[in-house]
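**Q** Structure, please.
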Amino acid sequence: MTSPSLYLLLIEWDSVEAHTEGFRMSREYESWKALLHHFYDPFPVVEHFASVSAG
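**A** As a prediction, this is how the structure comes out:
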């Protein structure tokens with residue numbers, strides 16, 4: 001492993017809005033944030049990617 005302190009959490013959303021508006025505005029996100037945000041130092045980078053077909 002080239003970066004032993006680097007982790008990748010990969011989640012598949014139906015759309016960017018499903019993450020940014022659906023999840024981030026939900027009670028579930030508030031629970032996630034309360035449980036986990038104090039562990040982040042620094043806060044993680046969040047990026048969104050689109051699937052690309054090789055056709």
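**Q** How about the contacts made by Phe23?
**A** Counting by C-beta atoms under 8 Å, 6 or more residues apart in numbering, Phe23 makes contact with Trp13, Tyr29. (C-beta placed from N, C-alpha, C; glycine too.)
**Q** Try it again at 7 Å.
**A** Contacts were defined as C-beta atoms under 7 Å, 6 or more residues apart in numbering; by that measure Phe23 touches Tyr29.
**Q** got any ranges where this structure has weak pLDDT?
**A** Low-confidence segments of the chain (pLDDT under 70): 1.
**Q** first to last residue in stretch 12-23, what's the distance?
**A** Using C-alpha to C-alpha, to the nearest Å, the end-to-end distance of stretch 12-23 comes out at 12 Å.
**Q** The longest helix along the chain: which residues count as buried?
**A** As assigned by DSSP state H, the longest helix anywhere in the chain is helix 27-36. Neighbour counts over helix 27-36 (16 or more other C-beta atoms under 10 Å) mark no residue as buried.
**Q** for that helix, the distance to its chain's centre please.
**A** Remark: helix 27-36 is offset 13 Å from the chain centroid, using C-alpha atoms, centre = their mean, to the nearest Å.
**Q** now swap in stretch 3-12 and tell me
**A** On C-alpha atoms, centre = their mean, the centre of stretch 3-12 falls 10 Å from that of its chain.
**Q** For the protein, which residue occupies the most central location?
**A** Residue closest to the mean C-alpha point of the chain, counted by C-alpha atoms, centre = their mean, is Val46 at 5.5 Å.
**Q** contact partners of the longest helix of the chain?
**A** For helix 27-36, with C-beta under 7 Å, 6+ apart as the criterion, the contacting residues are Phe23.
**Q** circling back to that earlier point, from Leu10, how far out is the residue nearest to the centre of the chain?
**A** The gap separating Val46 from Leu10 is 12 Å, by C-beta to C-beta, to the nearest Å.
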